[in-house]
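Participant: Could you look at this predicted model? Sequence included:
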Amino acid sequence: MPLNLPNLLTWLRIAMIPGIVGVFYLPESMLSPGEKNMTATALFIAAALTDWLDGYLARRLNQMSAFGAFLDPVADKLMVAAALILLVELDRTNAVVAIIIIGREIAVSALREWMARMGESRSVAVNVLGKIKTISQMVAIPMLLYYDVFVGIDLHLLGYWLIYLAALLTVVSMFYYLKMAAVPLRR
């Protein structure tokens, strides 16, 4: 495991997950419900920014590694899964939405692993649809964590619709990846 700045940022993202979840289990004498929402939102946004930063630095500093390429998507999936489970627990999103998104992540990861073993990893490489899905869920989750009005915008309502959009894009992108994987399997 190469110890470099991009990989350290990825580990930091993983280490922030208990903070995002744990803040909601603090007594109200320590943090009010609004402060819990704000803290969890800030931590999630900071973690999401490290996702962008670690990739940028890996390319910029020429510190890309096989371990980093493995760990980065794992960190993303752990962060999103933990946040979605928390949002279900807080009754801020539907369990079906969380199951769709988390289930798709597991299924597509398994599909990518299988296709890589067959030498066909390019057939299930990340595409634009998957990136749009990721953006919509990475914007929706902090809105649902914040769960309040911000500068006149009802972030809860907007986050609610964005997470449903993410779930829809999740299903569509999963079928796209399955279709792309089917082509080399027919050969």
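Facilitator: Perfect, thanks for sending it.
Participant: how about the helix or strand hosting Glu35: buried residues?
Facilitator: According to DSSP states H and E, Glu35 maps onto helix 33-60. Within helix 33-60, the residues scored as buried using 16 or more other CB atoms under 10 Å are 36-44, 47-48, 50-51, 53-55, 57-58. All C-beta spots, glycine's among them, are computed from the backbone N, C-alpha and C.
Participant: how many neighbours does Glu28 have?
Facilitator: When neighbours are defined as other CB atoms under 10 Å, Glu28 has 9 of them.
Participant: Please tell me how far it sits from Thr39.
Facilitator: In this view, Glu28 and Thr39 are 13 Å apart by CB to CB, to the nearest Å.
Participant: how much space is there between Ala166 and Lys36?
Facilitator: Applying CB to CB to Ala166 and Lys36 gives a distance of 23 Å.
Participant: Kindly report the same for Asp91.
Facilitator: Distance of Asp91 to Lys36, given as CB to CB: 15 Å.
Participant: before we move on, what about Pro6?
Facilitator: In this view, Pro6 and Lys36 are 31 Å apart by CB to CB.
Participant: Going by neighbour count, list what's buried in whichever helix or strand Ile20 is part of.
Facilitator: According to DSSP H and E, Ile20 maps onto helix 5-22. Using 16+ other CB under 10 Å as the test for burial, helix 5-22 gives 6-7, 9-11, 13-14, 16-17, 20-21.
Participant: now the residues you listed in a markdown table, with distance to Ala83?
Facilitator: Below are the buried residues of helix 5-22 laid out as a markdown table (distance: CB to CB, whole Å):
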| residue | distance to Ala83 |
| --- | --- |
| Pro6 | 22 |
| Asn7 | 22 |
| Leu9 | 18 |
| Thr10 | 17 |
| Trp11 | 18 |
| Arg13 | 12 |
| Ile14 | 13 |
| Met16 | 11 |
| Ile17 | 8 |
| Ile20 | 6 |
| Val21 | 8 |
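Participant: Okay then, goodbye and thanks.
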